[in-house]
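J.: the sequence and its predicted three-dimensional model are supplied below.
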Amino acid sequence: MAATTPAEPTDPELQATAWDLEPLVEGEGEEGVERRVREALERAQAFAGRYAGKLEELDSAGLREAMQELAEIHELVARAGYYAALRFSTDTADPANGALLQKVQEQETAIQTTLLFVELEWAALSDARAEELLAGAGLEFCAHYLRNLRRYREHLLSEPEEKILAEKSLTGAGAWTRLFEELTSAIEVQLPAEGADTSADGGGGKVALDVALSRLALADPDVRRTTAEAVTAALAPGLRTRAYLFNTLLADKATDDRLRSYPHWLAARNLANEASDESVGALIEAVRGRYEIPRRWYRLKARLLGVERLADYDRMAAVTEDVISYPFAHAREIVLDCYSSFSPELGALAKRFFDERRIDAPVRPGKRGGAFCAAAVPSVFPYVLLNYTHRRRDVLTLAHELGHGVHFALAARQGVFHQSTPLTLAETASVFGETIVFGRLLEEDTTPASRLALLAENLEDTIATVFRQVAMNRFEELVHTNRREQGELSVERLGELWAESQSEMFGDSIELSEGYRSWWSYIPHFIGSPGYVYAYAYGQLLALSVYERYEQTGPELVPRYLEMLAAGGSRSPQELGEIVGVDLADPNFWDAGLDLVERQLQEAEAAAESSGRLQ
C-alpha cells in the first residue's frame, strides 16, 4: 500500500489498535490486580519475618534463596501496578481508573516499606563480606543489581526515616505527578476556523494537545502560527496550577536531596544512570559547545521557507508542500519489514506487538499524550502506547517505541532485577530501530522534494533528541537551582528561565514568541522524572555510533548488537558498550557522536542546495 496525500479521513485499523492488558493479570481483571497486591503484601510480611535483621548471617545459598523470593514478590507487584497504570494512561478522566491506580499505589507503598530492610542491611555490610556472598554460585540474576544498591550507601537514611519518606511519597510527589497527568491529558486545543475541516487533524473544533502540536509540521505558515496561538491559549487556563505543582515538586526534591546528602540536583539521577557527574557534565558541555549545528540548520530552513528568520512554531515545519500521510497499516508494514530485514529475530518480536494486542495507538479524549513503551515484567510481553496522527514522524515513532519493546523482550531472560537498563542505555535500541526505518524511507523516496523533506525531518529529530533535550536539561538546572536559592518561582520567572535555556540553543536563528514562554508546562519529564532528559542525548549519540559501526562492518555486528540488548541491565553501561565496540570512557566519544550529527546536517545542506529552492 502506498502512502497517500492528503491524510486518510478514516483509518479503521488504527481505531481498532488497542492493547489487551489481561495477560498481566491472567484474565482476572481488577480482581486479579487486587489479589496480586494482597498476596504480595502477605509474602513481603512473611519475607520480613524470616530475614529482617538476619541478612548478614546468610551464606551465598541463603542469599540466592532470599533474592529468588524477592523477585517473585516484585513480579506480583509489577503485574498489578502495570495493569493499573496502563489502564489509567489510556483514559485519565475515568474515576474508576484513577481509583484503581491509587489503591495499587497505596499497597505498593506498604510492600516497599515492609521490604526496606533488605536495601539497608545489604548496604551496611562490609565490601569484603558483600563480595564474598556474591562470589557464590547462582547469583548472576541479581549480582549487578545488588552491587548497584551499595552505591547508595552514603545517601540512605535510617529504616524509620526511609519508611516515613516512602509512605508520604504517595500523598506527596506521587500525587502531584498524577494530578499533572490528569490536567495535561484533559487539555483540548480549539483549532482556528481555517483548519476546522482538516480531517487529519481530528475533524476540526477542539482536539487533543498532541494532535494540535502535530499541525506545527504542516507547510502552511498561517496554520502553524494560528495553531501555536491556539496551543498557547489552551495552556493558559491551568498555567498557574501547573506552575504551583512544579514549584511544589522542586521543593520536595530539594528536601530529599538535602536529607540524603546529594551534592546537587542531578546527582541522584546520575547515580541511578550509573554515570559519573564528570561524564554527564562532559556530555552536556560537548552538546552545548556544538549549538551552532542546530543554528546552521534553522538559518538554512528559513531560506527554504522564504522567510528572514524562523519563529518558534516554524521549527518543525515541512520544507516542502507535499504532506505525506501514512495509514497505520502501511506504517506497520514498513517497520516490520525493516526490523525483519535487519534481524529475523527482531522482526518476529516486533510482529508480536501487533499480533498479541500490545499497542494502543489512536488519539482519544483523556488519553495520556506522547508515546512510551512499558517493560511490564519478564514473564509478560511489553506494551506500547502511541498517539498516531498519520504523519511520517509517527512512522518513526512507531519504530522508536518498538525498539524499546524488542529490547525489553530480549532482556526478559535476565529476570526482574536486570531486565531494564539505566536510562543512559535505554534509548539505544529505540534510536537504532528508528534509524533503520529512516534509511528505508529515504531509499524508497525518489522525489527530490520529498527526499529533502525526509532528510530535514531526520535531522530535526536528531536536533530535538540531542540539542533540545540538553537545552531542557539546562532549563531544569536553572529552575532547580533558582528554586533552592530564591524560593517559589512565579509563572513569569519560569517563563523567563525557559526562554533563557531555549535561546541559548537557538541563538539568532529562531525568534521566540511571547506565547512560547508557557510551553514548558506540558512536558511530563520535568514533573515525574527530574533529570531524565539528558539520557535522550546520551542514547542518541550512542545509537548513532553503534549504527555507524553497523554500516562499516555489516551483518557481522548483528549478533553482538543482539547480545548487548539481551544483556539488559546485568552489566554496567561501559561493559555493555564494549560488546559492540564502543568505548564510553573515551573523553572524545561525545565529540565523535556530534560529528555524526554534523554529517547529517551536511547531507541536508547538500540536498537543499540541489533542490533549487533556496532563496
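T.: Sure thing, it's come through. Residues are numbered from 1 along each chain as shown.
J.: can you tell me the closest non-neighbouring residue to the residue minimising distance to the centre of the chain?
T.: For the chain, the residue nearest the mean C-alpha position is residue 372 (6.2 Å; Cα atoms, centre = their mean). Distances taken as Cβ to Cβ, 6 or more residues apart in numbering put residue 385 closest to residue 372, at 5.3 Å, once the chain neighbours are dropped. (C-beta placed from N, C-alpha, C; glycine too.)
J.: isn't the one you found right up against residue 88?
T.: No. Using Cβ atoms under 8 Å, residue 385 is not in contact with residue 88, being 11.3 Å away.
J.: when the two are compared, which one has more neighbours?
T.: Applying other Cβ atoms under 10 Å to residue 385 and residue 88 shows that residue 88 carries more neighbours, namely 25 against 20.
J.: same for the host helix or strand of that one, what does it pack against?
T.: Using DSSP states H and E, residue 88 falls within helix 60-90. Applying 3 or more Cβ pairs under 8 Å, 6 or more residues apart in numbering; DSSP states H and E, one finds that helix 60-90 contacts helix 29-51, helix 95-124, helix 127-134, strand 372-374, strand 383-385.
J.: could you dump those to TSV with mean pLDDT and distance to residue 21?
T.: TSV is the format used below for these (pLDDT from 0 to 100; distance: least, Cβ to Cβ, whole Å):
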stretch	mean pLDDT	distance to residue 21
helix 29-51	97	9
helix 95-124	94	11
helix 127-134	95	36
strand 372-374	96	10
strand 383-385	98	8
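J.: now the ones you listed in CSV, with distance to residue 503?
T.: Output for those, formatted as CSV (distance: least, Cβ to Cβ, whole Å):
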stretch, distance to residue 503
helix 29-51, 47
helix 95-124, 38
helix 127-134, 48
strand 372-374, 29
strand 383-385, 33
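J.: poorly predicted segments of the protein, please.
T.: Residue ranges of the chain with pLDDT under 70: 1-9, 193-204, 321-323, 615.
J.: could you rerun that using 80?
T.: Applying pLDDT under 80 to the chain picks out residues 1-9, 193-204, 320-324, 445-450, 587, 611-615.
J.: give me the neighbour count for residue 59.
T.: Per other Cβ under 10 Å, the neighbour tally for residue 59 reads 11.
J.: I'd say it and residue 136 touch.
T.: Yes. At 7.1 Å, residue 59 counts as touching residue 136 under the criterion of Cβ under 8 Å.
J.: rewinding a little: looking at the helices and strands packed on helix 60-90, which is nearest to residue 165?
T.: Residue 165 sits nearest to helix 95-124 of all the helices and strands packed on helix 60-90, at 9.4 Å, using Cβ to Cβ.
J.: quick one: buried residues of the closest one?
T.: Neighbour-count burial for helix 95-124 flags 97-98, 100-105, 107-123 (criterion: 16 or more other Cβ atoms under 10 Å).
J.: that helix to helix 60-90, inter-axis angle?
T.: Going by axes from the mean of the first three to the mean of the last three Cα atoms, to 10 degrees, helix 95-124 is angled at 150 degrees with respect to helix 60-90.
J.: enumerate every residue touching residue 423.
T.: Residue 423 makes contact with 269, 272-273, 532, 535, 538-539 under the criterion Cβ atoms under 8 Å, 6 or more residues apart in numbering.
J.: at 10 Å instead, please
T.: Taking Cβ atoms under 10 Å, 6 or more residues apart in numbering, we find residue 423 in contact with 269, 272-275, 529, 531-536, 538-539, 573.
J.: mind listing the helices for the stretch 501-615 of the chain?
T.: 525-528, 534-553, 557-566, 573-579, 589-611 (DSSP state H, counting those that start in this stretch).
J.: so residue 510 sits right up against residue 307, yeah?
T.: No. The pair residue 510 / residue 307 is not scored as a contact, 11.3 Å apart, by Cβ atoms under 10 Å.
J.: overlap in contacts, the two.
T.: Both residue 510 and residue 307 are in contact with 301, 314, where contact means Cβ under 10 Å, 6+ apart.
J.: any idea how far residue 354 is from the nearest residue to residue 17 once chain neighbours are set aside?
T.: Ranked by Cβ to Cβ, 6+ apart and with sequence neighbours excluded, the top spatial neighbour of residue 17 is residue 361, at 4.1 Å. To residue 354, residue 361 is 10 Å away according to Cβ to Cβ, to the nearest Å.
J.: which one of the two has more residues nearby?
T.: Applying other Cβ under 10 Å to residue 361 and residue 354 shows that residue 361 carries more neighbours, namely 24 against 19.
J.: phi, psi of that one?
T.: Here is the backbone geometry of residue 361 (degrees, to the nearest 10): phi -110, psi -30.
J.: what's near enough to touch it?
T.: The neighbours of residue 361, taking Cβ under 10 Å, 6+ apart as the test, are 11, 13-19, 328, 331-332, 354, 371, 384-388, 394, 398.
J.: cool, residue 349 as well?
T.: Per Cβ under 10 Å, 6+ apart, neighbours of residue 349: 339-340, 343, 381-382, 402, 405-410.
J.: I'd like the residues you listed written out as JSON lines, with neighbour count added.
T.: Formatted as JSON lines, the contacts of residue 349 follow (neighbours: other Cβ atoms under 10 Å):
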{"residue": "339", "neighbour count": "24"}
{"residue": "340", "neighbour count": "16"}
{"residue": "343", "neighbour count": "19"}
{"residue": "381", "neighbour count": "19"}
{"residue": "382", "neighbour count": "24"}
{"residue": "402", "neighbour count": "32"}
{"residue": "405", "neighbour count": "27"}
{"residue": "406", "neighbour count": "27"}
{"residue": "407", "neighbour count": "30"}
{"residue": "408", "neighbour count": "26"}
{"residue": "409", "neighbour count": "26"}
{"residue": "410", "neighbour count": "21"}
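J.: returning to that earlier point: so residue 510 and residue 307 - more neighbours on which side?
T.: residue 510 (24 against 15).
J.: so the more buried one versus residue 298, what's the distance?
T.: From residue 510 across to residue 298, the span is 6 Å (Cβ to Cβ).
J.: sorry, back to before: so of the contacts of residue 349, which ones are in helices?
T.: The helices, defined by DSSP state H, take in 339-340, 402, 405-410 from the contacts of residue 349.
J.: how about residue 245: what's its closest non-neighbour residue?
T.: Excluding the flanking residues, the one nearest residue 245 by Cβ to Cβ, 6+ apart is residue 176, at 5.3 Å.
J.: counting neighbours, which bits of whatever helix or strand that neighbour lives in end up buried?
T.: Assigned by DSSP H and E, residue 176 belongs to helix 173-185. Neighbour counts over helix 173-185 (16+ other Cβ under 10 Å) mark 173-174, 176-178, 180-181, 183-185 as buried.
J.: of the residues you listed, which is the nearest to residue 317?
T.: So of those, ranked by how close each gets to residue 317 (Cβ to Cβ), first place is residue 184, at 24.2 Å.
J.: burial count for residue 20?
T.: Neighbourhood size, residue 20 [other Cβ under 10 Å]: 12.
J.: so it: helix, strand or coil?
T.: coil (DSSP: H, G, I helix; E, B strand; the rest coil).
J.: shouldn't it be in contact with residue 357?
T.: Yes. The criterion here is Cβ under 10 Å, and residue 20 meets it with residue 357 at 4.0 Å.
J.: quick one: common contacting residues for residue 510 and residue 298?
T.: Counting by Cβ under 10 Å, 6+ apart, the contacts common to residue 510 and residue 298 are 309-310, 314-315.
J.: filter those down to the buried ones, ChimeraX style.
T.: Buried residues within those, by 16+ other Cβ under 10 Å, are selected in ChimeraX with:
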select :310,314,315
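J.: which one of the shared contacts of residue 510 and residue 298 is nearest to residue 214?
T.: residue 315 (13.4 Å).
J.: I'd say that closest one and residue 295 touch.
T.: No. Contact between residue 315 and residue 295 fails when scored by Cβ under 10 Å: they sit 11.8 Å apart.
J.: any residues in contact with both of those two?
T.: Taking Cβ under 10 Å, 6+ apart as the criterion, residue 315 and residue 295 both touch 463, 506, 509-510.
J.: turn these into CSV, including distance to residue 439.
T.: Compiled in CSV, the shared contacts of residue 315 and residue 295 are given as follows (distance: Cβ to Cβ, whole Å):
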residue, distance to residue 439
463, 18
506, 29
509, 28
510, 29
